[in-house]
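# Give me the fold of what follows.
(one chain, ligands or ions: 2)
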Amino acid sequence: MSNEKQFDVVVIGGGPGGYIAAIRAAQLGFKVACIDEWSNAAGKPAPGGTCTNVGCIPSKALLQSSEHFEHAGHAFAEHGINVSGLELNLPQMLKRKDSVVKANNDGILYLFKKNKVSFFHGRGAFAGTAEGGYTINVSGPTTDTLTAKNVVVATGSNARQLPGAEFDEKLILSNTGALAIDAVPGKLGVIGAGVIGLEMGSVWRRVGADVTVLEGLPTFLGAVDEQIAKEAHKLFVKQGLKINLGCKIGAITKGENDVTVAYADSTGAEQTATFDRLIISIGRVPNTIGLNGESVGLPLDERGFIIVDDECRTSLPGVWAVGDVVRGPMLAHKAEEEGVAVAERIAGQHGHVNFNTIPWVIYTSPEIAWVGKTEQQLKAEGVAYKAGTFPFLANGRARALGDTSGMVKFLADATTDEILGVHIVGPVASELISEAVVAMEFKASSEDIARICHAHPSLSEAVKEAALAVDKRSLNF
Ligand code: FAD
Ligand code: NAI
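Ligands and ions are numbered 1, 2, ... in the order given. Okay, here's the model as predicted:
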């Protein structure tokens, strides 16, 4: 075997977990390869994984475009801007989304070159152990055999199938098809009122689809702080999303151009609904297809996740796993943090990932963002806490923007005042939450945030005001 194919670190998977691990390992002086099998429509390498190709990036591109469309149709007039002849150019909207994706794919290939990471386009599979490490075969557009002492598995996840309703990406859509519908469906069904259901449901509602969401659980967004979830539910229903909770899905039958879903509603009554398209977004499953982990004894748990310890080590020496293929939230930034930490641990450093301060964001309008504990969690754990809320209705910048829905909520320890959780539903919550993440990482108190000077007028003043409200001393409400 030629010396060029021996690496210090081979990363299998080029999503946010894998490509970031590869770059960090290269920065630390290792000889690194990253293998990724994703191809674009032209058959060219498309690194970036689910996130870049059929996840975070294209969904946010369509959320932005559809929000512009909705604003032009419904919000501009209030600002004194009259729009006539407003038309949706869906092919252009999808083309723009594709070009945003491609810019990100190309950006990663550029970063690999810049950091001297060797990129292999194909599927990586364990072929056995080699002297002091592992042999990895690459097959697909590229065929090769690599060896490495350290292997980082970052093979991500796939959409979970509903038995009896296989994705065909024409009528029954996973996230992949949901991001590429070529004509606005008259009636769109969504099974699962989770993150994808709400984001993609919002996109297609804004451009004219009649969207019905069927959720299995009786509560809306059960993982979100109850007060915030209630407020969000009210706002989404007002926007026109039809959200049915407590549904038990029965038979799903495909017609020539439509799909019929039989379900029992929350009262137990049998219902049927026919849709032009059906998105199924009921969670994701870890992906180890074709990895051939069996050849080296890579252990998986009963749900298919690669078993790792708190530091992403598998039980095999030198084999690590990060991102969606291991336990923990399926979020791009969690995968990235783990990728960096693993590269640093391989270098003998102390990688750092704090699971208590990983932010969550749902990019609906308004956005929902949170970090730390919810009020219901604190109650269940018997933690004594104080709460403070502040509505965007009382924030000058939100009024000027014309977006006053939602609130910021702080939860702090009743004795020490340490911030335990921050929950936001409102404009650009995705950006506002960063202040709370930093504060919690530094173990700040709500008093700390309340005493920090925030620019005026800014939405971030609502964060300060909610911190003041913990001590019942909001100034503007
Ligand atoms: P992935 O991104 O899935 O990447 C894995 C890569 O490995 C893929 O390219 C795959 O082709 C490749 N691969 C797999 N097996 C092999 C093999 N054997 N050989 C070679 N290559 C292989 N998260 C957020 O934080 N924010 C968001 O806004 C967000 N939006 C999302 C929207 C949607 C519609 C979806 C579906 C997900 C979204 N996520 C979001 C979740 C996010 O995409 C994932 O958490 C993230 O992509 C996980 O990164 P990863 O590197 O673990 O895996
Ligand atoms: P999800 O876990 O967010 O939501 C799935 C929903 O489907 C839940 O409400 C669940 O109760 C419901 N469900 C499950 N089985 C059902 C059934 N048989 N019938 C009816 N309802 C059922 O999963 P989703 O939306 O598929 O997204 C997958 C993951 O991708 C997310 O959990 C998140 O980790 C990631 N993601 C993150 C985004 C972000 O950060 N903004 C955006 C999109 C996805």
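
# Flag the shaky bits of this structure, pLDDT-wise.
Filtered on pLDDT under 70, the chain yields the residue ranges 1-4.

# again, 90 this time
Applying pLDDT under 90 to the chain flags residues 1-4, 130-132, 142.

# I'd like to know which elements the helix or strand hosting Val463 is packed against.
When elements are defined using DSSP states H and E, Val463 is found to belong to helix 460-470. Packing partners of helix 460-470 (3 or more C-beta pairs under 8 Å, 6 or more residues apart in numbering; DSSP states H and E): strand 385-391, helix 396-401, strand 407-413, strand 419-426, helix 429-441, helix 446-451. For glycine as for every other residue, the C-beta is placed from the backbone atoms N, C-alpha and C.

# roughly how far is it from the heart of the chain?
27 Å (C-alpha atoms, centre = their mean, to the nearest Å).

# Around ligand 1, which positions in the stretch 351-477 of the chain sit nearby?
By C-beta under 6 Å from any ligand atom, the residues of the stretch 351-477 of the chain that approach ligand 1 are Tyr363.

# before we move on, the earlier item: between the helix holding Val463 and strand 419-426, what angle do the directions make?
Orientation note: helix 460-470 sits at an angle of 130 degrees relative to strand 419-426 (axes from the mean of the first three to the mean of the last three C-alpha atoms, to 10 degrees).

# how big is the angle separating helix 460-470 from helix 429-441?
Using the same axes, to 10 degrees: helix 460-470 against helix 429-441 is 50 degrees.

# Remind me what the longest helix along the chain packs against, helices and strands.
The helix that spans the most residues within the chain, counting by DSSP state H, is helix 90-114. The contact analysis (3+ C-beta pairs under 8 Å, 6+ apart) places helix 90-114 against helix 16-27, helix 49-54, helix 56-70, strand 118-121.

# run the last query once more with 10 Å
Other helices and strands packing on helix 90-114, by 3 or more C-beta pairs under 10 Å, 6 or more residues apart in numbering; DSSP states H and E, are helix 16-27, strand 32-36, helix 49-54, helix 56-70, strand 118-121.

# Can you tell me which residue is spatially central in the chain?
Nearest to the mean C-alpha position of the chain, counting by C-alpha atoms, centre = their mean, stands Leu331 at 4.6 Å.

# From Ala72, how far off is that one?
From Leu331 across to Ala72, the span is 31 Å (C-beta to C-beta, to the nearest Å).

# cool, Asp168 as well?
33 Å.

# Kindly report the same for Leu90.
From Leu90 to Ala72 the distance is 15 Å (C-beta to C-beta).

# how many degrees apart are the helix holding Val463 and strand 407-413 in direction?
Relative orientation of helix 460-470 versus strand 407-413 (the same axes, to 10 degrees): 40 degrees.

# Asn82 falls within a helix, correct?
No: read with DSSP: H, G, I helix; E, B strand; the rest coil, Asn82 is coil and lies in no helix.

# Assess the claim that it and Gly73 are in contact.
No: taking C-beta atoms under 10 Å as the definition, Asn82 is not a contact partner of Gly73, at 11.5 Å.

# Ligand 1 contacts on this protein?
Residues of the chain lying near ligand 1 (C-beta under 6 Å from any ligand atom): 12-18, 35-38, 49-51, 55-56, 59, 123-125, 154-157, 175, 196, 287, 290-291, 323-325, 330-333, 335, 363.

# so what's the residue of the chain found nearest ligand 2 closest to, chain neighbours aside?
Nearest residue of the chain to ligand 2: Gly194, at 1.7 Å (C-beta to the nearest ligand atom). Once flanking residues are discounted, Gly194 sits nearest to Ser281: 6.0 Å by C-beta to C-beta, 6 or more residues apart in numbering.

# Contacts only, for that neighbour.
159-160, 173-175, 178, 190-201, 213 (C-beta atoms under 10 Å, 6 or more residues apart in numbering).

# what does Ala183 give?
By C-beta under 10 Å, 6+ apart, the contact set of Ala183 is Leu90, Pro91, Asp276, Arg277.

# and Glu70, how many neighbours does it have?
17 (other C-beta atoms under 10 Å).

# again with Lys116
By the criterion of other C-beta under 10 Å, Lys116 has 12 neighbours.

# One more: the one 10 residues further on?
Here the neighbour count serves as a burial measure; for Phe126 (other C-beta under 10 Å) it reads 22.

# Tell me which helix or strand comes right after the helix or strand hosting it.
For Phe126, the host element (DSSP H and E) is strand 123-130. Reading on from strand 123-130 to the C-terminus, the next helix or strand found by DSSP H and E is strand 133-139.

# which helices and strands sit right next to that next one?
On a contact count with 3+ C-beta pairs under 10 Å, 6+ apart, strand 133-139 meets strand 6-12, strand 32-36, strand 118-121, strand 123-130, strand 144-153.

# Next, format the ones you listed as TSV and append distance to Ala77.
What follows is these, written out as TSV (distance: least, C-beta to C-beta, whole Å):
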stretch	distance to Ala77
strand 6-12	51
strand 32-36	47
strand 118-121	50
strand 123-130	53
strand 144-153	52
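
# Can you tell me which of these is most buried?
The highest average neighbour count among these, using mean count of other C-beta atoms under 10 Å, belongs to strand 32-36 at a mean of 29.

# What pairs with that one, parallel or antiparallel?
Applying DSSP bridges to the sheet, strand 32-36 is found paired with strand 6-12 (parallel), strand 118-121 (parallel).

# Spell out which parts of the stretch 351-477 of the chain neighbour ligand 2.
Val361, Ile362, Tyr363.

# doesn't the first one fall inside a strand?
Yes: assignment of Val361 by three-state DSSP places it within a strand.

# residues touching it, list them.
56, 195, 331, 333, 367-371, 424, 429-431, 433.

# Return the residues in contact with the residue of the stretch 301-450 of the chain found nearest ligand 1.
Nearest residue of the stretch 301-450 of the chain to ligand 1, counting by C-beta to the nearest ligand atom: Gly323, 2.1 Å away. Residues in contact with Gly323 (C-beta under 10 Å, 6+ apart) are 13, 15-18, 20-21, 49-51, 152-157, 286, 306, 312, 330-332, 334-339.

# Get me the contact residues on the stretch 51-200 of the chain for ligand 2.
Going by C-beta under 6 Å from any ligand atom, the residues of the stretch 51-200 of the chain near ligand 2 are Leu162, Ile191, Gly192, Ala193, Gly194, Val195, Ile196, Gly197, Glu199.

# Tell me, how many residues neighbour the first one?
The one in question is Leu162. By other C-beta under 10 Å, 17 other residues sit near Leu162.

# hang on, Asp324 packs against Gly13?
Yes: between Asp324 and Gly13 a contact is recorded at 9.4 Å, counting by C-beta under 10 Å.

# okay, those two: which has more neighbours?
Using other C-beta under 10 Å, the more surrounded residue of Asp324 and Gly13 is Gly13, with 33 against 29.

# okay but the more buried one is in contact with Trp320, surely?
No: at 11.7 Å, Gly13 does not count as touching Trp320 under the criterion of C-beta under 10 Å.

# Mutual contacts of those two, please.
With C-beta under 10 Å, 6+ apart, Gly13 and Trp320 have common neighbours Ala21, Val152, Val153, Ala154, Gly339.

# just these now: which is nearest ligand 1?
Nearest to ligand 1 out of those is Ala154 (C-beta to the nearest ligand atom; 4.6 Å).

# Counting neighbours, what do you get for the closest residue to that closest one other than its chain neighbours?
Residue nearest to Ala154 in three dimensions, not counting chain neighbours: Gly18, with 3.3 Å by C-beta to C-beta, 6+ apart. A count of nearby residues for Gly18, using other C-beta under 10 Å, gives 30.

# Thank you, goodbye.
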